[in-house]
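*Asks:* got a sequence here, can you model it:
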Amino acid sequence: MATAAAVKGGAAPSNRAAACNIWALDQIWKARIAQEHRAYKKWPMDWGFMATDYKDLVKDEIRPLDRPKLEMPETLRLPPITPIEKYIKVDKSPPLPRSSAGYIGWRSGDKLYNLERYGGYARGKGGLIRQLKWPDEGVD
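*Replies:* Just a heads-up that it's a prediction; the model follows:
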């Protein structure tokens, strides 16, 4: 059977005498609840400023700037933004291949959509032994 302290969220007492004193456990519980209630009532006076929006707190301290807006010289102005479609053209993709193995690399396999337009970039050079021109007998 659960004790009163265990039921109310406290730790279970270590000896039987403390477990039998239900009245004392109830008084401790009431004191904890009363302390929480007092802290709840006192919090807005002590820490209520933390719940207020920062702009509301400093609205009287911030004064607006009364400066005229400067016009940028023509040489410092940015050109208007052009849409990316003007520079990059993406053609319509061909239909998907029917086989499940054709899904991997299906677009780059077509010469029209080849990413290596100017030839292969990485060609094998034969390995370190061939580059150093070592004889085959000297290699295990």
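
*Asks:* what is the longest helix seen in the chain packed up against?
*Replies:* Looking across the chain with DSSP state H, the single longest helix is helix 22-47. If contacts are counted by 3 or more Cβ pairs under 8 Å, 6 or more residues apart in numbering; DSSP states H and E, helix 22-47 sits against helix 4-7. Every C-beta, even on glycine, is put in place using the N, C-alpha and C of the backbone.

*Asks:* and the strands in this protein?
*Replies:* Per DSSP state E, the chain carries no strands over any range.

*Asks:* low-confidence ranges, it, go.
*Replies:* Applying pLDDT under 70 to the chain flags residues 1-19, 94-125, 140.

*Asks:* go again using 80 as the cut-off
*Replies:* 1-20, 49, 57, 62-65, 90-127, 138-140 (pLDDT under 80).

*Asks:* look up phi and psi at residue 134.
*Replies:* Backbone torsions of residue 134, given as degrees, to the nearest 10, read phi -80, psi 150.

*Asks:* what is the neighbour count of it?
*Replies:* 11 (other Cβ atoms under 10 Å).

*Asks:* now it: how far from residue 127?
*Replies:* 10 Å (Cβ to Cβ, to the nearest Å).

*Asks:* ok, now residue 76?
*Replies:* From residue 76 over to residue 127 (counting by Cβ to Cβ), the distance is 56 Å.

*Asks:* buried set for the longest helix of the chain?
*Replies:* 25, 29 (16 or more other Cβ atoms under 10 Å).
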